[in-house]
Structures are given as C-alpha cells and as structure tokens.
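# pasting a predicted model and its sequence here:
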Amino acid sequence: PFGAAGACAPAMTPTDRSHLRGTRPSSRRRSAARRAGRWAFVCSAVAVLWAGPSRLLAQSDFSTALLDRRADACVDFYQFACGGWLARTPLPADRARYGRMQELADRNEQIIRGILEDAARPRRGRSTDEQRIGDAYAACMDTRAIDRAGLTPIAPRLRAIAGARTRTAIVQVAAGLAHDGVGTFLTVSTAPDIHDSTHFMTQVGQGALGLPDRDLYLQSDARSTSLREAYVDHVGRMFALVGEPSETARASAATVVRLETTLARATMDRLTFRDVRQRDNPMTVAGLLAVAPDVDVAGFLSRAGVPTTTRVNLVSPAYLQGLQRALAAEPVEAWRTYLRWRVLDATAAWLSSPLRAEDFRFKGTVLNGQAEARPRWQQCATAVAGEPGADALGELVGKVFVERRFGAEAQAWVARLVDALQIGRAHV
C-alpha cells in the first residue's frame, strides 16, 4: 500500500539496478506503461481507503514528493519511484540500512513502546500478560542493575562449561546451551518437510560462526583478512573484559578463531546452501549414528529440548562428519574456550556496559558501519516483543497490541482494504 515508493531503500546501488536498464526502450516503455496502468488501478483502490484510522497510519501516506520526476521511469524505474525519498532521507546513525518498510517498523515500535512502558508501571488492574511483558521490559531497561550484576546472569552456564572434562560432556553442555538459545557447533530448528508440507521436521543444522560468512575465515583477500584480524582483536577484548589477563585473552581468541575456522571449512558455502537438494537429507535419528558415530546427536537433541521424534533432516552430512573430526582432533580445553565464547557472544548485548559497548563496536560499527547503537528502549522492545523466529514474549505483546490497537473500527477498515485489493487484483 505504499505505492511506487513502498520498498524504497538506499541499499540498492546503481550496479544493483543495472538489470532494470534496457537497450530497447520502445518495448520497455510499452511494457512499463501496461504495468503502470495495472498498478494505477490497484493504488487508486487503496488510495480511496487511505484515510483510514489515523492512529494506525499516521505519516504513512504515499506522496508524489517521493518520486524523482527528473528520472525516466522506463530507463531507471527505481530512481523514478524512490529518488525523492532517497534525497530527503539520510541514513540514520543507528542503522546499517534503511527503507520505507523500516519507517513503518519504527512507527510500530513506538506503539509497542507505549504498550510496554504502560505495562511496566505497577498499577491496579494490570493483567497477568501485561505484568509479564512489563516486568521483562523494566528489567531490560534497568541498566544500573544489569551493570551491578556483572556476569551473574551467565554464571550457571560458565560453571557448566568449566565442569565439562570429556568430549561427551562438551556435546552435552552444548546441547544445554542450544536449549537456552545459544548457538554452538550444532544448531537445531524446525521447518516444513519439503516432501510433505503438512508436517514439520526437526532440522539438524550447521554450527554458529562469529563472522557473518564462512568464506571470511578462508579467503585471503584484503577485506576477509582485515575482518578476521578485527574479529580476533574483538574476541580477545571480550575475554579481557570478563577478567582474563591480556596474554591469556589473546590466546583464547586465537583458539576460538582456530576452531571456528575448522568448522567453517566443513560448512556449506552460500551457493551450495541455496540448493535445497543439498540440504534435503532426511533420515531416522538412529541413522545419524551412521554419519558420525562418535557424536551423540540423539542425546544432543534430547538435551536441547527437541520433542521425541523418529525422523530428522540433516542439513549437511559433510558438516557433521567434519565436526566429528574436529572434536577428536582438538583438546577438550579448546572446546571449553570455544563454548565460553559462544555464551559471551550470544549474551554480551544484555550484560554490563563495557561488554555491550565492545559488542556494538564490532558487530555494529566494524561489521555494519553503524555510527551509533539503537536507543536502549528499542533494543528492549525488540528483546521483549521479539523478531521473526525469536523465542521471546512476542505472543503476549501481540495479544495486548491487538486488544489496544485493533478494535472494531480498525477491523472494518482492514476488511474494506482487503476487498479493494481483491477488486484491483481482478483487473491486473
């Protein structure tokens, strides 16, 4: 419903848009004109309803000021549709990328903020759902208490890691971390069975890596080398912040990157991973033993909280075999260091100020070019309300959101919008 500029985002470069520029403008113009006519009908139907509940759609209106009328729509439609918006919208300092959908998300976050701040205030009549989401939000916002707590919130996990003296125990502790949402050398998720979409299947995936792509561990180009060096420095700083002497912290960082590099070699590259046939390896749980008999994947699934099942999909048999070799080759102490890092990396954003600052310096600034961290309230709203796939209190926040923001008037308005879109679709 944003019309032509609905998906405007400054991340798209001229190179990215080169496929939109044709060498046969006459045929392109005719095609563009036909598409424009179809979209004009749909957008006009939407525009009739655009004066819906103002509290839901404030500042969301489509405006011709978002267009760049100096651009030829048949040569560069993206610049035509989005040029005005790009020119008037600087990249926020706390974002790595930004678009109109992010604008919409920001407005939604303001609504969620109001809900959470109201729910966080103790008052008579607060429902159980409101108390749960409000208490979680208040705890996240209380940075003084978080700073006083130090490493206390993750102390039980660190003790469990310190107590792992065998490779079997390392796998068991990793499973417990997976249960708590900390990614390690094996990941577990669920997805529809590609052979029967009416059923979901447990997916045994590859491991979590600290750098965003496995190739960054393996390639020798300047960018990969620079990011690798920055990552080693970051891991060392983090270990130092939790009390390790500087020499020990640097050694720990070297160990972590060595193990992650070994795992990266066994990990599918992006091109291979995109091929669903490569990731389609259904088998029985007992069949996992035939792939890697020395890795108790069945026990891992059980301790990770996966419901009892007889069949799973093993995303990459080659990765599991590589993990088996790595577990056998590396000393247990190295794996303890690796697991300590995985816990720190997963939780640093929610721990004390020095850890939060270093976590953002690397992940926000070095990796993504962000000049500033997002405001704390936005971080906490995301932590409580959750993101797609996140294990948070999003269902409860959504319930309160609907109760407060989606009354009879809004429901009637959305029904009219859907009807208009269906009418428009019939003419496309």
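Happy to help now that I have it.

# which residues does residue 205 bridge with?
residue 187 (DSSP bridges).

# how close does it sit to residue 421?
According to C-beta to C-beta, to the nearest Å, residue 205 stands 37 Å off from residue 421. To be clear about C-beta, it is placed using only N, CA and C from the backbone, and glycine gets the same treatment.

# residue 189 too?
Distance from residue 189 to residue 421, by C-beta to C-beta: 33 Å.

# likewise residue 356?
On the measure of C-beta to C-beta, residue 356 and residue 421 end up 43 Å apart.

# more crowded one of these two?
Per other C-beta atoms under 10 Å, whichever of residue 356 and residue 421 has more neighbours is residue 356, with 19 against 15.

# surely that one and residue 362 touch.
No. Using C-beta atoms under 8 Å, residue 356 is not in contact with residue 362; the gap is 11.6 Å.

# and for residue 110, the neighbour number?
Neighbour tally, residue 110, other C-beta under 10 Å: 14.

# just residue 92 next, same as before
There are 15 residues near residue 92, going by other C-beta under 10 Å.

# give the helix, strand or coil label for it.
coil (DSSP: H, G, I helix; E, B strand; the rest coil).

# which secondary structure element contains residue 146?
Using DSSP states H and E, residue 146 falls within helix 143-149.

# could you give me the buried positions within that helix?
Judged by neighbour count using 16 or more other C-beta atoms under 10 Å, the buried positions of helix 143-149 are residue 146.

# just the mean pLDDT for that helix, thanks.
Averaged over helix 143-149, pLDDT sits at 97.

# check which helices and strands whichever helix or strand comes after it sits against.
Note on helix 143-149: by DSSP H and E, the next helix or strand toward the C-terminus is helix 155-162. When contacts are defined as 3 or more C-beta pairs under 8 Å, 6 or more residues apart in numbering; DSSP states H and E, helix 155-162 packs onto helix 167-179, helix 332-347.

# can you give me the helices for the stretch 1-150 of the chain?
25-48, 54-57, 77-88, 100-120, 128-141, 143-149 (DSSP state H, counting those that start in this stretch).

# ugh, typo on my part, it should be the stretch 151-300 of the chain
Under DSSP H, counting those that start in this stretch, the stretch 151-300 of the chain gives helices at 155-162, 167-179, 215-218, 222-241, 246-266, 270-274, 288-291, 297-303.

# reformat the ones you listed as JSON lines; add mean pLDDT and distance to residue 96.
Shown next, in JSON lines, are those (pLDDT from 0 to 100; distance: least, C-beta to C-beta, whole Å):
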{"stretch": "helix 155-162", "mean pLDDT": "97", "distance to residue 96": "29"}
{"stretch": "helix 167-179", "mean pLDDT": "96", "distance to residue 96": "28"}
{"stretch": "helix 215-218", "mean pLDDT": "97", "distance to residue 96": "17"}
{"stretch": "helix 222-241", "mean pLDDT": "97", "distance to residue 96": "15"}
{"stretch": "helix 246-266", "mean pLDDT": "98", "distance to residue 96": "23"}
{"stretch": "helix 270-274", "mean pLDDT": "94", "distance to residue 96": "19"}
{"stretch": "helix 288-291", "mean pLDDT": "94", "distance to residue 96": "38"}
{"stretch": "helix 297-303", "mean pLDDT": "95", "distance to residue 96": "34"}
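
# kindly reformat these as CSV containing distance to residue 67.
Shown next, in CSV, are these (distance: least, C-beta to C-beta, whole Å):
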stretch, distance to residue 67
helix 155-162, 53
helix 167-179, 49
helix 215-218, 39
helix 222-241, 36
helix 246-266, 45
helix 270-274, 35
helix 288-291, 56
helix 297-303, 53
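
# mind putting these in a markdown table, distance to residue 114 and mean neighbour count included?
Output for the helices of the stretch 151-300 of the chain, formatted as a markdown table (distance: least, C-beta to C-beta, whole Å; neighbours: other C-beta atoms under 10 Å):
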| stretch | distance to residue 114 | mean neighbour count |
| --- | --- | --- |
| helix 155-162 | 34 | 15 |
| helix 167-179 | 34 | 20 |
| helix 215-218 | 40 | 18 |
| helix 222-241 | 35 | 17 |
| helix 246-266 | 41 | 18 |
| helix 270-274 | 40 | 11 |
| helix 288-291 | 48 | 16 |
| helix 297-303 | 40 | 18 |
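
# to residue 85, which of the helices and strands packed on helix 155-162 lies closest?
Among the helices and strands packed on helix 155-162, helix 332-347 comes nearest to residue 85, with 35.9 Å by C-beta to C-beta.

# right, and the helix or strand after the closest one?
helix 353-360.

# buried residues of the helix or strand just after that following helix, list them for me.
Next helix or strand after helix 353-360 toward the C-terminus (DSSP H and E): helix 376-385. Of all the residues in helix 376-385, those buried under the rule 16+ other C-beta under 10 Å are 377, 378, 379, 380, 381, 382, 383, 384, 385.

# how about stretch 128-144?
For stretch 128-144, by 16+ other C-beta under 10 Å, it's 129, 130, 132, 133, 134, 135, 136, 137, 138, 140, 141.

# residue 244: which of these is nearest?
Nearest member of those to residue 244, counting by C-beta to C-beta, is residue 140, at 27.2 Å.

# got the contact list for residue 188?
Each residue near residue 188 by C-beta atoms under 8 Å, 6 or more residues apart in numbering is listed here: 178, 202, 203, 204, 205, 300, 301, 304, 306.

# let me redo that: residue 195
Residue 195 touches residue 282, counting by C-beta under 8 Å, 6+ apart.
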